[in-house]
Every structure is written in structure tokens, then in C-alpha cells.
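S.K.: one predicted model, sequence on top.
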Number of protein chains: 2
Amino acid sequence: MKNIPDFVLVRPQMGENIGAAARAMLNFGLDRMSVVAPRDGWPNERAVAMASGAGRVLDGARLSATTAEAVADCAMVFATTARDRDLTKPVYSPEAAMIEARDRIARGERVAILFGPERTGLENDDVARANAIVSVPTNPDFPSLNLAQCVLLMGYEWRRAIAAPAAQTMEMAGTDFANHAELEALAAHYEERLDTAGFFFPEGKAPAMKRHLRNLWSRMPLTRADVQTFHGMMRQMVRWKERG
Amino acid sequence: MKNIPDFVLVRPQMGENIGAAARAMLNFGLDRMSVVAPRDGWPNERAVAMASGAGRVLDGARLSATTAEAVADCAMVFATTARDRDLTKPVYSPEAAMIEARDRIARGERVAILFGPERTGLENDDVARANAIVSVPTNPDFPSLNLAQCVLLMGYEWRRAIAAPAAQTMEMAGTDFANHAELEALAAHYEERLDTAGFFFPEGKAPAMKRHLRNLWSRMPLTRADVQTFHGMMRQMVRWKERG
């Protein structure tokens, strides 16, 4: 068994949406699709056309007649819903749901996420069959997501859940930042040339101006290459002057 | 000013995608759209048809001829990109980017997110103009997201960011950072003077050298005072030369 959840499309209507859902799944490395009673039969040509590079997700999809059959061997079933339901169920955010899914799958359990048909969404019978609800925090005045968008967000949260806990910001990974000696040399180079050019004027303000400039260089996140660029600019201005 | 970021669609091609992007924005309460040089002109009927309930996002969209114009008054610009770029820039996850956006907007700064055209994505010149890159952690074997999907994920993370508790005290709070028009003017000033001085040599390498330099300026966290200092240094070098 692959260590990923099943994404179960319940009674999907338009083939295009099934194809777009396949693409959205594969964008986040998911390829276990289940299709329950698709309106237009199976396989679906329009789904295949829309899926383009993600056709293999459709090829490998499991076809079931009922939601119950599709989730028969699952330990945990989440139902995605936009509307509030009159059902007493735990409600998860997409993030919390995918963290739970990850942890259960790591323990060898099988997890499914149910996605309802376009327009109507899941029926109460489907939701009742789920262990929990997943609700995407949309704008209450404009809440409706289409099928592939809902799949995309859940896939995105799956990918986030399995990513290493480290590194939210990968601040210029592998960047070769200048060290302090290099910054010092750059500051000294500019200070010397600007002094010659008469920049630090009037004399009484010179120390404060020099301090300000050193502070500026030290505050900038300069790479080694940046430092060379700044050296080069100043050298060129001096050469230009010396050519007269 | 509304306390939300600008979503800037750069040279979008199909009207349907612009409409779908408007819907995705409004799903997460965002309605500040900017459109830069849309291929099929503006307004766009197909965009309006696709947006349906989100038509007001299109009605309120700002139209610009260039990316520079669209982000002129922004303190922080993020470029969404799928491919790796040969540019030294901080790379943010969508989550980290929207947390940063939320904190800056709370301080009264204006923040923009750039989305590139379908297929090609942002050009290097657009990316060079941004302060940072946002990269969605997709499946490396099937990475491509469409425009509306990329907008959807950023909108989703915005919604998550504003639901989360506010940030701790920020370093350099109250600092008056330069906006993009000011950085643009600084970059142009240096480019012009260095060109005169013969810095961009050999000619064949000049475009890449200029892009590298623009990228350098846009990456630096420059305050208004820093920008004046850099202008002053260059002016002084020119005066020195002219005194002969």
C-alpha cells in the first residue's frame, strides 16, 4: 500500500472536473483516486482530455457503486463540506485533517477524503458515513469552491503535512553571504573613495556620516557576489574620473 | 486603504483564467486585483462571464501598462514562480509569505503578489523587480499549477494568516522603508551613471549585468534614508569627475 490517502469523488458530474481533480492530486504527489457512481459512466473521455499529464491517476482510479463500498477498508473518513451540517461531528481545518491523515497512515491505517458532486455537495448520508468533517475557511459571502479547487487545497495541505517540519522560509538556501571581513573591506573601500571625492562634508558631520554608511552596509544581506558588484561599481567610477 | 494585499496578474492571456482568478480571490475575501497589460484588452467579456458572482473584483481592478507601474507604491512585492530562477532572492513558502504580508499590511505598508502569464510564468525582469519569491511546494514530476489555482492557494494562505494570532514585536518597527517607485528611481540613476562610466562591458553582457543590479537593489531592505544616501554617493562621484 502506498502511504497516501484516497481521494474519493462521490457522484461527480462533469468529466472536465474529474480530469482537473486528477491534475490537482498529482500536483501534490497523490494518485489514489476513487470514483463513486460518476454521472457519465467510466472511463470518461472528457476527464482523460482534461487530465492530460495526469492521465495515470485516472487509469489507476477505483470505481465503486456506493460511498460505503469505496471507504469499506478505511479507518478514517473525512467529508469535505462547505455548508454547515446539522450533524454532530468533529470539524477539522484542512491542515488539521491532513496532519491526522498523515499520522494514521504512518500507523498503517487507511484514510479517505470524500468530495461531493458539483453544485450540491455531499449528501447527508455520505457525511453521516464519515468520521469527521473538513471545512475550508472561505469567505462566508462567497464560499463556493469547485471540485478541483477543493481537491487542490486538500492536496496542498497533505504535501505540507508530510514536508519536513523545518524550513518554512528557505531564506536563499545555499547562498554564499559575505563575511564580516569582506563587509569591512567594502565599507573601507567606499569610505576612502568617497572621502577623496569630498562626500563627507561638512567636516563636523563626517564622523556621523561615516557611521551611518557603515551601519548601512552591515544591515544589508549582501552576498559575496553583491560585495564584488559594489566594489566593481566604485572602481569603475574612479577609472572614469581618471580617464578625465 | 483596505487591509489586504494586491494580487497582480501580469500579462494574463485567457479571459476565463482572469475570471477564475477573481472567483478564487473572493473565495478568501480578497478584492484588490491589478491587471498588467492583459493580452486581450480590458475589460474582458470572457473574464466577466467566468467570474459570475465575483464580477465586482473585475470591476474594481486596476489596469497598468507595466509591472513597475502596478507595484510603484508597494513596500513589499512577492513573485510567485514554479521554476527555479537564476536570481539570488529570499524564497518564501506561501504560508510564510502571507504571514509577512499580514504583518507589513498591519504596519500600514502596501504588499503585492505577482502572478505570471499562463504557460510561461513571470519573466526574469518581473522577478528581478520583486523583493522575494514565493514557491508552492508541488510534486517535482508534475509541478505546474494554473493561474487561478496559484491565486487560490495564496488566497487560502492569506485567510489562514489573518485567522492566526498576530505577530510578535517586529524588528525595526516604524522604519520608513522605500517604496518601489523610489527603488526604481535609484536603480535607474545608478544604471544611467554606470552606463556613462562604461561599467556595462562587454556590450553582450550588459542586459544580464543590468538585471543583476536591479535584482540586487530590490533585494536590499532599503529605507528612504538609505536610498538618499546611495543617490548622494553617486552624485558626489559624478561631481568629483566633473571637477576634473
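M.R.: Structure received. Numbering: from 1, shown residues only, chains lettered A, B, ... in the order given.

S.K.: secondary structure element for residue A:69?
M.R.: Secondary-structure element containing residue A:69, defined by DSSP states H and E: helix A:67-70.

S.K.: only C-alpha atoms, please: export that helix in CSV.
M.R.: The C-alpha trace of helix A:67-70 is given here as CSV (Å, rounded to 0.1, in the frame of the first residue of the first chain):
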residue,chain,number,x,y,z
THR,A,67,-19.7,5.6,-1.0
ALA,A,68,-19.9,2.7,1.5
GLU,A,69,-18.1,0.4,-0.8
ALA,A,70,-15.4,3.0,-1.6
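
S.K.: center of chain A, which residue is that?
M.R.: residue A:156 (5.5 Å; CA atoms, centre = their mean).

S.K.: so what does it have for phi and psi?
M.R.: Phi and psi for residue A:156, reported as degrees, to the nearest 10, are phi -60, psi -40.

S.K.: next SSE downstream of the least confident helix or strand in chain A by mean pLDDT?
M.R.: Lowest by mean pLDDT, DSSP states H and E among the helices and strands of chain A is strand A:169-170, with a mean of 42. Once the chain leaves strand A:169-170, the next helix or strand it forms, by DSSP H and E, is helix A:180-196.

S.K.: pull the residues that contact the helix or strand that that next one is followed by.
M.R.: Moving toward the C-terminus from helix A:180-196, the next helix or strand (DSSP H and E) is helix A:206-219. Residues from elsewhere that reach helix A:206-219 (CB atoms under 8 Å, 6 or more residues apart in numbering or on different chains): A:183, A:186, A:187, A:190, A:191, A:194, A:199, A:200, B:221, B:226, B:229. For the C-beta atoms, the positions are set from N, CA and C on the backbone; glycine is no exception.

S.K.: and those, which two are furthest apart?
M.R.: Across these, the longest distance by CB to CB is 24.4 Å; it joins A:200 and B:221.

S.K.: show me the shaky parts of chain A.
M.R.: Along chain A, the parts satisfying pLDDT under 70 run over A:1, A:83-88, A:164-175.

S.K.: can you list the domains in it?
M.R.: A:6-162, A:180-243 (automatic domain parsing).

S.K.: do the first one and chain B meet?
M.R.: So that's domain A:6-162. Yes - applying CB under 8 Å from any CB of the partner chain, one finds domain A:6-162 in contact with chain B at A:23-24, A:26-29, A:53-54, A:95, A:136-139, A:142-145, A:149, A:152-153, A:156, A:159-160.

S.K.: of these, grab the buried ones for ChimeraX.
M.R.: Remark: buried members of the residues of domain A:6-162 next to chain B, expressed as a ChimeraX selection using 16 or more other CB atoms under 10 Å in any protein chain shown:
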select /A:23,24,26,27,28,29,54,95,136,137,138,139,142,144,145,149,152,153,156,159,160
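
S.K.: among the residues of domain A:6-162 next to chain B, which are in strands?
M.R.: If you go by DSSP state E, the residues of domain A:6-162 next to chain B have nothing in strands.

S.K.: apart from its neighbours in sequence, what residue is nearest residue A:196?
M.R.: On the basis of CB to CB, 6 or more residues apart in numbering or on different chains, the spatially nearest residue to residue A:196 that is not a chain neighbour turns out to be residue B:240, at 7.5 Å.

S.K.: state the number of residues packed around that neighbour.
M.R.: 18 (other CB atoms under 10 Å in any protein chain shown).

S.K.: tell me who's in contact with it.
M.R.: Neighbouring residues of residue B:240 by CB under 8 Å, 6+ apart: A:196, A:197, A:198, A:241.

S.K.: coming back round to it: closest to residue B:59 among the contacts of helix A:206-219?
M.R.: Nearest member of the contacts of helix A:206-219 to residue B:59, counting by CB to CB, is residue B:221, at 35.6 Å.

S.K.: do you know how far the closest one is from residue B:132?
M.R.: 11 Å (CB to CB, to the nearest Å).

S.K.: between those two, tell me which one has more neighbours.
M.R.: residue B:132 (22 against 15).

S.K.: for the nearest residue to the more buried one once chain neighbours are set aside, give its distance to residue B:201.
M.R.: What sits nearest to residue B:132 in space, not counting adjacent residues and going by CB to CB, 6+ apart, is residue B:90, at 4.4 Å. For residue B:90, the distance to residue B:201 (CB to CB) stands at 30 Å.

S.K.: so between those two, which is more surrounded?
M.R.: residue B:90 (21 against 12).

S.K.: so which bits of the top helix by length along chain A are buried?
M.R.: Identified as the longest helix of chain A according to DSSP state H is helix A:224-243. Within helix A:224-243, the residues that count as buried by 16+ other CB under 10 Å are A:226, A:227, A:229, A:230, A:233, A:234, A:236, A:237, A:238, A:240, A:241.

S.K.: likewise stretch A:210-217?
M.R.: So, applying 16+ other CB under 10 Å, buried residues of stretch A:210-217: A:210, A:213, A:214, A:216, A:217.

S.K.: what about the second one, distance to residue A:159?
M.R.: Same thing as residue A:213. Distance from residue A:213 to residue A:159, by CB to CB: 45 Å.

S.K.: same question for the last one.
M.R.: Distance, residue A:217 to residue A:159, using CB to CB: 40 Å.

S.K.: before we move on, back to that, which of the contacts of helix A:206-219 are buried, as a PyMOL select command?
M.R.: The following PyMOL command selects only the buried members of the contacts of helix A:206-219, with burial defined by 16+ other CB under 10 Å:
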select buried, (chain A and resi 183+186+187+190+191+194+199+200) or (chain B and resi 226+229)
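
S.K.: now render the contacts of helix A:206-219 as JSON lines, adding distance to residue A:12.
M.R.: JSON lines is the format used below for the contacts of helix A:206-219 (distance: CB to CB, whole Å):
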{"residue": "A:183", "distance to residue A:12": "59"}
{"residue": "A:186", "distance to residue A:12": "61"}
{"residue": "A:187", "distance to residue A:12": "64"}
{"residue": "A:190", "distance to residue A:12": "64"}
{"residue": "A:191", "distance to residue A:12": "68"}
{"residue": "A:194", "distance to residue A:12": "68"}
{"residue": "A:199", "distance to residue A:12": "69"}
{"residue": "A:200", "distance to residue A:12": "72"}
{"residue": "B:221", "distance to residue A:12": "48"}
{"residue": "B:226", "distance to residue A:12": "56"}
{"residue": "B:229", "distance to residue A:12": "61"}
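
S.K.: with respect to residue B:38, which of the contacts of helix A:206-219 is nearest?
M.R.: Of the contacts of helix A:206-219, the one sitting nearest to residue B:38 (CB to CB) turns out to be residue B:221, at 32.1 Å.

S.K.: helix, strand, or coil at the closest one?
M.R.: coil (DSSP: H, G, I helix; E, B strand; the rest coil).

S.K.: okay but it is in contact with residue A:222, surely?
M.R.: No - look at residue B:221 against residue A:222 with CB atoms under 8 Å: they stay out of range, at 11.3 Å.

S.K.: looks like residue A:33 contacts residue A:25 (just checking).
M.R.: Yes - contact criterion CB under 8 Å: residue A:33 and residue A:25 qualify, at 6.4 Å.

S.K.: any residues in contact with both of these two?
M.R.: The contact sets of residue A:33 and residue A:25 overlap at A:7, A:57 (CB under 8 Å, 6+ apart).

S.K.: which one's more surrounded, those two?
M.R.: In this view residue A:33 and residue A:25 are compared by other CB under 10 Å, and residue A:25 has more residues nearby, 26 against 23.
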